[in-house]
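Engineer: mind looking at a prediction? Sequence and model below.
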Amino acid sequence: MKELSIFVDESGDFGEYSPHSPYYIITMVFHNQNDNIAENIKKFNNELLLLGFNPQHCIHNGPIVRRETPYEYMDIKERRRIFNKMVAFTRQLNISFKCFHIEKKHITDTIEASGKLSKQLASFLQEHYDEFLTYDKIKVYYDNGQIELTRILSSVLNALLPEVEFRKVLPSEYRLFQVADLICTLELVRLQMESKTLPKHFAVYLTVHYN
């Protein structure tokens, strides 16, 4: 039995454009269940324990950078340590990922946004269709955070792929869901750097983090 897990997370929302929410990003993380990552997760959990966190602590990457709950009382060095551990954990995994995005200032309404994202997702699935067919089962993990994305995933994946199962999850239950969150955060940074709209809190963090 060959099974593919797809963990889905998003950054932004389907609301109107604003400088604080210029993009809507979807990240899909792909994991072949035949590749056991239990030891990677165990090691990462132990490293969190050494940093003073519960080993089951759910990593929220955006709040780490923005110094939001539950990281609001931590200085930049402490937050950087957590972020570094998450990046290192992700790099050690045998996974792949794909990001899709729209720039909201060019979108008139939710219908247009859903249509553009659906086309991007469908095009990707068609391009890699033969690869997806090598799996006996495909399971999609999403927290149903936004109904529009839930509809996009259900309609496009069910239309193009056989044997798709959807599971509603809590972010705290799966490290790979948190990996999708990390990639969403990094993709947002990439887009804002390219458009020269990177917020100050990201710019300051990245200056300390990478220099």
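Structural biologist: Here it is on my side, so go on. Residues are numbered from 1 along each chain as shown.
Engineer: show me the helices in the protein, by range?
Structural biologist: With DSSP state H, the ranges of helices along the chain come out as 38-50, 61-66, 76-91, 110-127, 129-133, 147-160, 175-194, 200-210.
Engineer: which residues outside the first one are in contact with it?
Structural biologist: The contact list for helix 38-50 (C-beta atoms under 8 Å, 6 or more residues apart in numbering) reads 54-57, 82, 85-86, 89, 92-93, 175. Just so you know, the C-beta spots here come from the backbone N, C-alpha and C atoms, and that holds for glycine as well.
Engineer: got these as JSON lines, with pLDDT columns?
Structural biologist: Converted to JSON lines, the contacts of helix 38-50 look like this (pLDDT from 0 to 100):
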{"residue": "54", "pLDDT": "90"}
{"residue": "55", "pLDDT": "89"}
{"residue": "56", "pLDDT": "90"}
{"residue": "57", "pLDDT": "93"}
{"residue": "82", "pLDDT": "93"}
{"residue": "85", "pLDDT": "94"}
{"residue": "86", "pLDDT": "95"}
{"residue": "89", "pLDDT": "97"}
{"residue": "92", "pLDDT": "96"}
{"residue": "93", "pLDDT": "97"}
{"residue": "175", "pLDDT": "97"}
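Engineer: coming back round to it: and the helices of the chain: which comes nearest residue 98?
Structural biologist: helix 110-127 (6.0 Å; C-beta to C-beta).
Engineer: list the buried ones in the closest one?
Structural biologist: Of the residues in helix 110-127, those buried by neighbour count under the rule 16 or more other C-beta atoms under 10 Å are 113-114, 116-118, 120-122, 125.
Engineer: check stretch 157-175 too.
Structural biologist: Within stretch 157-175, the residues that qualify as buried by neighbour count (16+ other C-beta under 10 Å) are 157, 161, 164, 166, 169, 171, 174-175.
Engineer: as JSON lines, these with distance to residue 1 would be great.
Structural biologist: What follows is these, written out as JSON lines (distance: C-beta to C-beta, whole Å):
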{"residue": "157", "distance to residue 1": "19"}
{"residue": "161", "distance to residue 1": "16"}
{"residue": "164", "distance to residue 1": "15"}
{"residue": "166", "distance to residue 1": "19"}
{"residue": "169", "distance to residue 1": "21"}
{"residue": "171", "distance to residue 1": "27"}
{"residue": "174", "distance to residue 1": "20"}
{"residue": "175", "distance to residue 1": "22"}
